[in-house]
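Undergrad: Return a 3D structure for these sequence lines:
(one chain, ligands or ions: 2)
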Amino acid sequence: MVSAAAPGTYAPSAQTVLEARDLTTGYGELAAVRGVDLQVRAGEIVALLGPNGAGKTTTLAALAGALPALGGEVRLLGKPVTGPVHARVRSGLGYLPSDRAIVNRLTVAENLKLGRGRPDEAVDRFPALEALLRRPAGLLSGGEQQMLVLARCLVARPQVVLVDELSQGLAPIVVQDLLASLRREAKATGVAVLLVEQQVRRALSVADRWYLLRQGTVADSGDADEASAQRLVTTYL
Ligand SMILES: Nc1ncnc2c1ncn2[C@@H]1O[C@H](COP(=O)(O)OP(=O)(O)OP(=O)(O)O)[C@@H](O)[C@H]1O
Ligand SMILES: [Mg+2]
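TA: Numbers count the residues shown, from 1 in each chain. Ligands and ions are numbered 1, 2, ... in the order given. I've put the predicted structure just below:
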């Protein structure tokens with residue numbers, strides 16, 4: 001069993017890659033998330049935690065450009081961004097919503113070619129993909145599909161990746177493997193990761209820092225240590 005690597009030390013001075021400043025967002029006129037401030041720096045994994053309906057997916061969607069900012073701003077590499085998802089992707093953002101966006105009837109290799117990177121680099125990162133390259137993506141297991149979308153995203157060399165519920169529907173050992181690869185990628189390439197996760201302990205096993213959302217606002221934040229995990233589990237969740 002490959003377990004997630006222990007969180008390393010990130011340089012607190014590392015560049016802020018993605019930032020929300022007083023961000024308000026939601027659906028139509030309705031603000032579901034209000035006044036969020038958060039930063040993600042190069043090479044760190046930041047967990048975005050919170051109970052069901054707290055606004056995690058909404059926050060990620062606004063950071064990615066899938067929802068408009070109703071107030072405040074999103075900054076990517078120090079510059080305010082307002083464009084749609086594809087424009088932010090061109091500027092260095094990777095976005096993995098919880099519905100694994102693969103084309104079922106295309107093979108794994110073809111799905112990889114839809115991304116912005118080279119398929120062979122995806123196989124270098126995830127050797128298990130090699131044996132699956134000719135298989136229609138719709139026939140993969142959930143874990144294999146998640147590996148595919150993660151690989152496709154990472155080989156495009158994003159500066160920051162937003163991941164919504166990587167673990168959804170997957171066996172714990174598969175989740176551990178995927179989280180461990182995110183951890184390796186962050187340390188090796190300096191990619192920043194914002195990880196939405198329901199399970200506090202699982203998220204904090206790979207994260208450097210965390211933010212807690214409750215009812216659409218940031219209720220707390222801190223470093224990902226055992227004391228925080230304990231506090232989060234007993235106080236909030
Ligand atoms: N498409 C939508 N239209 C209107 N309201 C929505 C929509 N999607 C979500 N909401 C509302 O926005 C709030 C935040 O939802 P969101 O999906 O961001 O929560 P979450 O933290 O991701 O929850 P979960 O852990 O269940 O995924 C909730 O009150 C939800 O009902
Ligand atoms: Mg959600």
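Undergrad: so the residue of the chain positioned farthest from its centre is in which element?
TA: The C-alpha centroid of the chain is most remote from residue 134, which lies 27.2 Å away (Cα atoms, centre = their mean). For residue 134, there is no enclosing helix or strand under DSSP states H and E.
Undergrad: What residues are bridge-paired with the residue lying closest to it once chain neighbours are set aside?
TA: Of all residues not flanking residue 134 in the chain, residue 107 sits nearest, at 5.3 Å (Cβ to Cβ, 6 or more residues apart in numbering). The way it works is simple: take the backbone N, C-alpha and C, and place the C-beta from them, glycine included. Beta-bridge pairing for residue 107 (DSSP bridges): residue 136.
Undergrad: Now for residue 107: which residues touch it?
TA: Applying Cβ atoms under 8 Å, 6 or more residues apart in numbering, we find residue 107 in contact with 133-137.
Undergrad: are any of those residues buried, and which?
TA: Buried subset of those (neighbour count, 16 or more other Cβ atoms under 10 Å): 133, 136-137.
Undergrad: Where does whichever residue of the chain sits closest to ligand 2 sit: helix, strand or coil?
TA: Residue nearest to ligand 2 within the chain: residue 57 (3.1 Å; Cβ to the ion). Under DSSP: H, G, I helix; E, B strand; the rest coil, residue 57 falls in the helix class.
Undergrad: For the nearest residue to it once chain neighbours are set aside, give its distance to residue 64.
TA: Residue nearest to residue 57 in three dimensions, not counting chain neighbours: residue 164, with 5.6 Å by Cβ to Cβ, 6+ apart. Going from residue 164 to residue 64 by Cβ to Cβ, to the nearest Å gives 9 Å.
Undergrad: Same check on residue 173?
TA: Where residue 64 is concerned, residue 173 sits at a distance of 29 Å (Cβ to Cβ).
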